[in-house]
Structure formats: C-alpha cells, structure tokens
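Sharing a sequence plus its predicted fold:
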Amino acid sequence: MYAVFRTGGKQYRASKGDVLRVERLDAEVGDTVAFDQVLLVGEGTKVTLGKPVVDGGIVEAKVRSQGRGRKIEVVKFKRRKNYRRTLGHRQYFTELEVTSIAGGA
C-alpha cells in the first residue's frame, strides 16, 4: 500500500517502512506525527484519488531525526565590474519513518 501526502508545500509518495526527509516539523525525536492531507491512496491496481484529499486518509510516521541538509552555495558574479557575492544556505529537515497508512483503498 502506498500514499501521496502533502506537507511543507511539497508532495511525497510513501509506503510503510519508507524513510523520508520532509521540511522541518515541530516535533521531538521519537514522536509520532500524522498527516491528514492525503491526496492519493493505492494498493496494486486499486487507487483512491481524493477531491482534493481522501476522506479518512491518514499517514502516520515516527520522527527519526532533525537536521540540516548539505550547504548550497549561491554565487552572484558580474564580469569586469569587480562584483562578486557568495551566500550559503542549509535547509532544515525532519527525517521520518512511515509506520502506517490508513483510508482509501
């Protein structure tokens, strides 16, 4: 069984046991979080599509860790103008392990 759910402005496809990195959630390591913005639930050829969300669809996950991703360097440069700017950014994330998927199919 798999599901597509929405969190942090992004959509994720998940099955039971999957490990995902999502935008940072306000939860402690070891906590259980539930996502009710389930857009699709499927099992084999049987697929339930929400309008816009699946009624009773819930994806539950356990928080494995909180962290920051790799550094992304942003460089601005204009040739012959002596203009150079460098900026770094590290995005916060929450690593989840999907424990159950309910609803739909």
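Noted; the coordinates are in hand. Numbers count the residues shown, from 1 in each chain.

Name the residues of the lowest-mean-pLDDT helix or strand in the chain that are buried.
Lowest by mean pLDDT, DSSP states H and E among the helices and strands of the chain is strand 46-49, with a mean of 92. Buried residues in strand 46-49, counting neighbours by 16 or more other Cβ atoms under 10 Å, are found at residue 48. To be clear about C-beta, it is placed using only N, CA and C from the backbone, and glycine gets the same treatment.

C-terminal to that strand, what's the next element?
Sequence order places strand 58-68 as the next helix or strand after strand 46-49, per DSSP states H and E.

what's across from the residue nearest the centre of the chain in the sheet?
Centroid-nearest residue in the chain, with Cα atoms, centre = their mean: residue 22, separated by 3.1 Å. Note on residue 22: beta-bridge partners by DSSP bridges are residue 94.

Ok, residue 2 next?
Legend: beta-bridge partners of residue 2 under DSSP bridges are residue 15, residue 42.

Spit out the contact partners of it.
Contacts here follow Cβ atoms under 8 Å, 6 or more residues apart in numbering; on that basis residue 2 touches 13, 14, 15, 41, 42, 43, 101.

Many thanks, I have nothing further to ask.
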